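Student: predicted model follows, preceded by the sequence.
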Amino acid sequence: MGTAPTAGPVREKVSDEMNPDEQADEPTPELSRRSLLTSGGILGAGALVGSFFVGRELADAPQASGPTAADTPTPTGGAKDDGTKKPKKPEWREFISTSVRAPRVTTWKRGGTAPGYLFVEPQRTGFYGMILDDTGEPVWVEPTATTLTDLRVQTFEGKPVLTYWSGKSDAGHGQGSCTILDNRYRPVATVSAGNGLKADLHEFNLTDRGTALVTAYVREKFDLSPIGGPKHGHIFNCHVQEIDVRTGRVLLDWDAIQHVDITETYLGLHQDKGHDGTSRKRAFDFFHLNSIDDDGDGLLVSSRHTHTVYRIDRSTGTVLWRFGGKKSDFTLASDAAFAWQHDVRRQKDGTISLFDNHRYSGPRGASRALFFRLDETGRTAALVHDYEYGHRLGTAMGSAQLLGNGNVLVGWGTAPSLTEFAADGTAVYGAKLGGISYRANRSVWQASPMWLPDVGTEPAHDGRMTVAASWNGATEVAGWRVLTGATDAGISEVTTVAREGFETTVAVPAAPRVAVQALDASGAVLATSKTVAHRA
């Protein structure tokens, strides 16, 4: 995970650092989490749903000084700027060799980034799981287009694995299961919630104990009269479960309403449209659990709707302390207050990081990544790091990841972008995603898929054909060898070319049959595709 920077609070200066691609991002309207996650798909980041945050105003569009050549973002597969107006690029990347497609991503870079790929879930009709390189070029696109969240690299039984939640959303909460894949994208394990519950989309966190931390939501009857609701009302109760991955045994099942008073919520009964607690269908989400982190003999639990981080006893579920919210056990300066937060993590140096969705109300409101040092004896909290970019406002979702070289990667949630900061707060990298992403992560990942490379062809001019090669998920491909011939048995090499992104294309003399071989950096063959017919 790396060591947190040790300097005092830092903040990205917008006036002379803003990137022109970031200027193009429009302020995100006030959105309910539920509106974004209906039936496994998004209604659109431009959809204005109710007044989820009463009294909030939209953020101003960021302003900045003029761009420089080094600041100009390069779209994936970008063209030269010749001063003429170009047609708008399609929102989707489609390919010749494979039927998978990917939302288009643009990026910029003006400093050193941490090693590894980016793991995101841009949402269009559903959350598309994608691994990207720093140019925004896909490395892996989840091939079934299933809705998934929390895509990242974790460690299981001493080996790096790819993990994610997948399923359907139900009133903004997930109903599904969690998947662990090895570095050939083969299933290692599937984790489901226990005690008759379904795993929720917000968290799938593996521990070094061979367990998984998952979230779950369940509708229950509850007295809402203390907050002005019906006595015979209905709530979403939130469960924290720790599950043994190999056996499925539930080691802890903590439910919020047994430990947290309903009056701790900041969400008004009528702020989340259609969920005022008057019926089971209209259950009120008083807590909104969105992250769980391993904290030794305790767990850190983040509740968006109470603005609180709870540390609970791992064995008994007892609340040991509250950080933030109406009943905070810690004194916190007003400029360090957070609200509607996501992605709470304990770092190796003891600091606690989180993504603060709303710094304060008004047209200058901004989200930011925060790092705190807590004195658990004196019950004080000090803000030690503060990462903000251009008054970027992600009203929901979002993440903050401390990287191994001291950089910090911030996913802005409903503001569909990510930014990587150096330890001193300088923005060194950014990407504008093809849709909002629940979280964004960066990790080293090496993979050789269990499936073969893909090949396709299209007619070209003068008796030639375009051969397209790709290998979804492969990380070690440096080049492609093209083989053609009249029959499958008679194919032979016609050319070798360097890899040029997710799909590499080359024009060669037309032939009835074609195949490709993926080559590593030394020229060794990693895998050979099937031989396919070229149809002129």
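Tutor: Cool, the structure landed.
Student: point out where the stretch 351-500 of the chain drops to low pLDDT.
Tutor: Within the stretch 351-500 of the chain, the stretches with pLDDT under 70 are 359-364.
Student: any idea where the strands of it begin and end?
Tutor: All strands of the stretch 351-500 of the chain, identified by DSSP state E, counting those that start in this stretch, fall at 352-356, 368-375, 380-387, 399-402, 408-411, 417-421, 427-432, 441-443, 454-459, 464-470, 479-485, 492-498.
Student: would you format these as JSON lines with distance to residue 186 and mean neighbour count included?
Tutor: Placement of C-beta: from N, CA and C, glycine included. Formatted as JSON lines, these follow (distance: least, Cβ to Cβ, whole Å; neighbours: other Cβ atoms under 10 Å):
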{"stretch": "strand 352-356", "distance to residue 186": "32", "mean neighbour count": "25"}
{"stretch": "strand 368-375", "distance to residue 186": "34", "mean neighbour count": "22"}
{"stretch": "strand 380-387", "distance to residue 186": "37", "mean neighbour count": "20"}
{"stretch": "strand 399-402", "distance to residue 186": "26", "mean neighbour count": "26"}
{"stretch": "strand 408-411", "distance to residue 186": "28", "mean neighbour count": "28"}
{"stretch": "strand 417-421", "distance to residue 186": "29", "mean neighbour count": "27"}
{"stretch": "strand 427-432", "distance to residue 186": "29", "mean neighbour count": "23"}
{"stretch": "strand 441-443", "distance to residue 186": "19", "mean neighbour count": "23"}
{"stretch": "strand 454-459", "distance to residue 186": "18", "mean neighbour count": "19"}
{"stretch": "strand 464-470", "distance to residue 186": "20", "mean neighbour count": "23"}
{"stretch": "strand 479-485", "distance to residue 186": "24", "mean neighbour count": "21"}
{"stretch": "strand 492-498", "distance to residue 186": "29", "mean neighbour count": "13"}
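Student: now distance to residue 256 too, for those strands, in CSV please.
Tutor: Below are the strands of the stretch 351-500 of the chain laid out as CSV (distance: least, Cβ to Cβ, whole Å):
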stretch, distance to residue 256
strand 352-356, 18
strand 368-375, 22
strand 380-387, 22
strand 399-402, 22
strand 408-411, 25
strand 417-421, 30
strand 427-432, 34
strand 441-443, 26
strand 454-459, 46
strand 464-470, 45
strand 479-485, 53
strand 492-498, 54
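Student: which ones are touching the residue nearest to residue 477 when sequence neighbours are not counted?
Tutor: Distances taken as Cβ to Cβ, 6 or more residues apart in numbering put residue 518 closest to residue 477, at 4.7 Å, once the chain neighbours are dropped. Counting by Cβ atoms under 8 Å, 6 or more residues apart in numbering, residue 518 makes contact with 453, 469, 471, 474, 477, 480, 525-528.
Student: the host helix or strand of residue 518 pairs with which strands, parallel or anti?
Tutor: Here residue 518, judged by DSSP states H and E, is contained in strand 513-519. Strand pairing for strand 513-519, determined by DSSP bridges: strand 479-485 (antiparallel), strand 525-528 (antiparallel), strand 532-533 (antiparallel).
Student: what residues of stretch 269-277 count as buried?
Tutor: The neighbour-count check on stretch 269-277 (16 or more other Cβ atoms under 10 Å) flags 269-272, 275-277 as buried.
Student: would you map the strands across the stretch 151-300 of the chain?
Tutor: Using DSSP E, counting those that start in this stretch, the strands of the stretch 151-300 of the chain run over 159-170, 173-181, 187-191, 204-206, 211-222, 233-244, 250-255, 289-295, 298-303.
Student: okay if I get those as JSON lines plus mean pLDDT, distance to residue 534 and mean neighbour count?
Tutor: Formatted as JSON lines, those follow (pLDDT from 0 to 100; distance: least, Cβ to Cβ, whole Å; neighbours: other Cβ atoms under 10 Å):
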{"stretch": "strand 159-170", "mean pLDDT": "94", "distance to residue 534": "34", "mean neighbour count": "20"}
{"stretch": "strand 173-181", "mean pLDDT": "96", "distance to residue 534": "33", "mean neighbour count": "22"}
{"stretch": "strand 187-191", "mean pLDDT": "98", "distance to residue 534": "35", "mean neighbour count": "16"}
{"stretch": "strand 204-206", "mean pLDDT": "98", "distance to residue 534": "43", "mean neighbour count": "24"}
{"stretch": "strand 211-222", "mean pLDDT": "98", "distance to residue 534": "47", "mean neighbour count": "22"}
{"stretch": "strand 233-244", "mean pLDDT": "98", "distance to residue 534": "50", "mean neighbour count": "23"}
{"stretch": "strand 250-255", "mean pLDDT": "97", "distance to residue 534": "55", "mean neighbour count": "18"}
{"stretch": "strand 289-295", "mean pLDDT": "98", "distance to residue 534": "50", "mean neighbour count": "23"}
{"stretch": "strand 298-303", "mean pLDDT": "98", "distance to residue 534": "54", "mean neighbour count": "24"}
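Student: dump stretch 97-113 to PDB, restricted to CA.
Tutor: Extracted C-alpha coordinates of stretch 97-113, given in PDB (Å, rounded to 0.1, in the frame of the first residue of the first chain):
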ATOM      1  CA  SER A  97     -11.100  -8.900 -34.300                       C
ATOM      2  CA  THR A  98     -13.500  -9.200 -31.400                       C
ATOM      3  CA  SER A  99     -17.100  -8.300 -30.500                       C
ATOM      4  CA  VAL A 100     -16.200  -6.700 -27.200                       C
ATOM      5  CA  ARG A 101     -16.400  -2.900 -27.100                       C
ATOM      6  CA  ALA A 102     -15.300  -0.300 -24.700                       C
ATOM      7  CA  PRO A 103     -16.200   3.200 -23.600                       C
ATOM      8  CA  ARG A 104     -13.800   5.800 -25.100                       C
ATOM      9  CA  VAL A 105     -11.300   7.300 -22.600                       C
ATOM     10  CA  THR A 106      -9.100  10.300 -23.000                       C
ATOM     11  CA  THR A 107      -6.000  11.000 -20.800                       C
ATOM     12  CA  TRP A 108      -3.300  13.500 -20.000                       C
ATOM     13  CA  LYS A 109       0.100  13.100 -18.300                       C
ATOM     14  CA  ARG A 110       2.700  15.600 -17.100                       C
ATOM     15  CA  GLY A 111       4.600  13.800 -14.400                       C
ATOM     16  CA  GLY A 112       5.600  10.400 -13.000                       C
ATOM     17  CA  THR A 113       2.800   8.000 -12.200                       C
END
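Student: got the contact list for stretch 138-145?
Tutor: So stretch 138-145 is in contact with 93, 100-102, 117, 125-126, 128-133, 148, 151, 164, 185, 447, 472-475, 502, going by Cβ under 8 Å, 6+ apart.
Student: same thing but at 7 Å, please
Tutor: For stretch 138-145, contacts defined as Cβ atoms under 7 Å, 6 or more residues apart in numbering pick out 100, 102, 117, 126, 128-133, 148, 472-473, 475, 502.
Student: give me the pLDDT value at the residue lying closest to residue 93 once chain neighbours are set aside.
Tutor: Among residues not flanking residue 93 along the chain, residue 102 sits closest, at 4.6 Å (Cβ to Cβ, 6+ apart). In this model, residue 102 is scored at 92, pLDDT.
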